[in-house]
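Just to be clear, the model below is a prediction. Sequence and coordinates:
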There are 4 protein chains.
Amino acid sequence: MRWSGDEILEFLRADFPQAFRDGWDYEITDLAADRVTVRLSSHESQLRPGGTISGPTMMHLADFAVYVLLLALHGQSASLSVTTNLTISFLRKPEAGDLIAEVELLKHGRTLSVAAVHLRDERGRVVAHAEATYHMAGAD
Amino acid sequence: MRWSGDEILEFLRADFPQAFRDGWDYEITDLAADRVTVRLSSHESQLRPGGTISGPTMMHLADFAVYVLLLALHGQSASLSVTTNLTISFLRKPEAGDLIAEVELLKHGRTLSVAAVHLRDERGRVVAHAEATYHMAGAD
Amino acid sequence: MRWSGDEILEFLRADFPQAFRDGWDYEITDLAADRVTVRLSSHESQLRPGGTISGPTMMHLADFAVYVLLLALHGQSASLSVTTNLTISFLRKPEAGDLIAEVELLKHGRTLSVAAVHLRDERGRVVAHAEATYHMAGAD
Amino acid sequence: MRWSGDEILEFLRADFPQAFRDGWDYEITDLAADRVTVRLSSHESQLRPGGTISGPTMMHLADFAVYVLLLALHGQSASLSVTTNLTISFLRKPEAGDLIAEVELLKHGRTLSVAAVHLRDERGRVVAHAEATYHMAGAD
């Protein structure tokens, strides 16, 4: 791994401040060459009426968590990567609370990387499942 | 059509205030039984460094624009619908400015509706393409 | 489980003969309430020039393996289900040989079921990853 | 355009004989820089019980029709392209008969091309909608 979880968060706080807007925060655990877990702390701005976590919050975390793994593997040069495709299935309404993304890296090529993501709520239920493709920018 | 563009926006401002946070605003045009165009006014909070529109902003507008069409067709009862799947391909970096979603309703079933969405930037270039599936909640 | 692997294959041979055309055959293992493994025996008609397994063969097996799990859970009434969405990412060229689908059922609702599928070649490498949504027909 | 419809079909008959197995045949019309229509002649081997066209037939035609457009644009070098992602939504049961794919090229980059496909049955109804991403092989 090029970067640790702390190094990744330090880089992201400076380079990608929107992901931390309103005081949003993240915890990175279980970091390995082909997987990572990213936990988004609950925040009122993530909620829809009825107390469920919004779809855009889930899409953001799925995409963000894959980016975290690419930063771990490549360091700063991963910031040239862009998402080319994101597919997400919303499975059940998450309860208000932290949202946890478990990333499995399926392919790690020179120009394309593909990952599957299970999103869980605090109770541990899978609330959404996503697949993201990243492309190393500059190659196209 | 059950509701006009003005009726839809009036309902959404009350029922879905998060979509209007920070002063975000929308214009609904070309509303018909199987299509609608929704324009999101540009706002600083939509931008990434470098002046491009963020991925979550594009995902939100694609999803939101399909919901607008379901509200036009069904009125308030469409608010029981939930997105079950969203697939988006990011094609090129949009320039800062308004973002336009052109929705084509492909299927309008009793429990499932499917739509394709072309997202364009102000220059008219297709910057992303999405497909969304909505499910009438309560049926599952 | 309503049906065992043998019962499922017996039903499919009679009801879905196209899946067994040219002598194609399947092995069902690790059957549980939320997962199953389905192995497709290699056959010359599955190959592309160069000896790699064709895309349609992979798409077929991903879809078929999810259907196998729904048959296990519901018996014959699962035959009213239809695939409404299939997303597949092709990750690397599979080597000629058996193709193995590992299904994880993510949601099992009254009208919608969603599953993720890892497709592996005989060497155990993940060669494709799919997500399928089934809808209980008659509900729409 | 590098190749005409006739040149494409001549190339495919020699290079991709599986697509013509059992006597399957295709007609290419409306070929332009960003679109093409490909018509698959009906054949008994495409049908499911009940007389509807099978899912694998629809997935094959969607993928094949995009490949046709890349061959028109690039000639033989397009044969180095591989599908990296295919997403398809099945909207309604097609009636037995010819199946028509209308391809819209959304992005045509150096390494990645993305296209949307409307699949229609002979009655002109949209029976499925697909999105395919092709990657120029050798780049990864």
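That came through, no problem.

ok, now which ones touch A:E102?
A:30, A:35, A:37, A:117-120 (CB atoms under 8 Å, 6 or more residues apart in numbering or on different chains). Where C-beta positions appear, they are placed from N, C-alpha and C, glycine not excepted.

quick one: which of these sit in strands?
Taking DSSP state E, the ones among the contacts of A:E102 that sit in strands are A:30, A:35, A:37, A:117-120.

By mean pLDDT, which helix or strand of chain A comes out lowest?
strand A:47-48 (a mean of 86; mean pLDDT, DSSP states H and E).

can you tell if the top helix by length along chain A touches chain C?
Assignment by DSSP state H gives helix A:55-74 as the longest helix of chain A. No: against chain C, helix A:55-74 shows no contacts by CB under 8 Å from any CB of the partner chain, the least distance being 12.9 Å.

centre of the chain versus the helix or strand just after that helix, how much separation?
The C-terminal neighbour of helix A:55-74 among helices and strands, as given by DSSP states H and E, is strand A:81-90. Strand A:81-90 has its C-alpha centroid displaced from the chain centroid by 11 Å (CA atoms, centre = their mean, to the nearest Å).

and strand A:81-90, what other elements does it pack with?
Applying 3 or more CB pairs under 8 Å, 6 or more residues apart in numbering or on different chains; DSSP states H and E, one finds that strand A:81-90 contacts helix A:55-74, strand A:126-136, helix B:55-74, strand B:81-90, strand C:126-136.

Note down every partner strand of it and its orientation.
strand A:126-136 (antiparallel), strand B:81-90 (antiparallel) (DSSP bridges).

okay if I get the ones you listed as a markdown table plus distance to A:T52 and mean pLDDT?
What follows is those, written out as a markdown table (distance: least, CB to CB, whole Å; pLDDT from 0 to 100):
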| stretch | distance to A:T52 | mean pLDDT |
| --- | --- | --- |
| strand A:126-136 | 9 | 96 |
| strand B:81-90 | 10 | 97 |
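
C:E131: which of those strands is closest?
strand A:126-136 (6.6 Å; CB to CB).

If I take the closest one and helix A:55-74, what angle do their directions form?
50 degrees (axes from the mean of the first three to the mean of the last three CA atoms, to 10 degrees).

Mean neighbour count for the helices and strands packed on strand A:81-90 - can I get that in CSV?
Below are those laid out as CSV (neighbours: other CB atoms under 10 Å in any protein chain shown):
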stretch, mean neighbour count
helix A:55-74, 23
strand A:126-136, 24
helix B:55-74, 24
strand B:81-90, 23
strand C:126-136, 24
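
so which of the ones you listed comes closest to A:L9?
Short answer: helix A:55-74, nearest of those by CB to CB, at 8.6 Å.

who are the neighbours in contact with the most centrally placed residue in chain A?
The residue lying closest to the centre of chain A (CA atoms, centre = their mean) is A:A65, at 1.8 Å. A:A65 sits next to A:36-38, A:101, A:103, A:117 when contact means CB under 8 Å, 6+ apart.

what's the pLDDT at A:P49?
Among the per-residue scores, A:P49 holds a pLDDT of 76.

Ok, A:Q18 next?
For A:Q18, the predicted pLDDT is 89.

I'd guessed A:Q76 sits against A:F11; true?
Yes: using CB atoms under 8 Å, A:Q76 makes contact with A:F11 at a distance of 6.8 Å.

More neighbours: which of those two?
Remark: of A:Q76 and A:F11, A:F11 carries more neighbours, 16 against 12, as counted by other CB atoms under 10 Å in any protein chain shown.

That one is in what secondary structure piece?
Per DSSP H and E: A:F11 is located in helix A:5-15.

Spell out which parts of chain A neighbour chain C.
Residues of chain A lying close to chain C (CB under 8 Å from any CB) are A:87, A:89, A:91-92, A:106-107, A:114, A:116, A:126, A:129, A:131, A:133.

and A:S41, what does it touch?
A:24-27, A:98.

restrict these to contacts with chain B.
Filtering the contacts of A:S41 for neighbours of chain B using CB under 8 Å from any CB leaves an empty set.

can you redo these as JSON lines with pLDDT, neighbour count and secondary structure?
JSON lines is the format used below for those (pLDDT from 0 to 100; neighbours: other CB atoms under 10 Å in any protein chain shown; DSSP: H, G, I helix; E, B strand; the rest coil):
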{"residue": "A:W24", "pLDDT": "96", "neighbour count": "18", "secondary structure": "coil"}
{"residue": "A:D25", "pLDDT": "97", "neighbour count": "14", "secondary structure": "coil"}
{"residue": "A:Y26", "pLDDT": "98", "neighbour count": "21", "secondary structure": "strand"}
{"residue": "A:E27", "pLDDT": "98", "neighbour count": "13", "secondary structure": "strand"}
{"residue": "A:D98", "pLDDT": "97", "neighbour count": "18", "secondary structure": "coil"}
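
For the residue located most distally from the centre of chain A, which residues are in contact?
Outermost residue of chain A with respect to the C-alpha centroid, by CA atoms, centre = their mean, is A:G50; its distance is 24.3 Å. Neighbour list for A:G50: A:K93 [criterion: CB under 8 Å, 6+ apart].

Distance check, it against B:V82.
11 Å (CB to CB, to the nearest Å).

How about A:D63?
A:D63 is 20 Å from B:V82, by CB to CB.

which parts of stretch A:101-114 are buried?
A:101-109, A:111-114 (16 or more other CB atoms under 10 Å in any protein chain shown).

How about the residues of chain A by chain B?
Looking at chain B, the residues of chain A close enough under CB under 8 Å from any CB are A:15, A:18, A:48-49, A:54-56, A:59-60, A:63, A:82-90.
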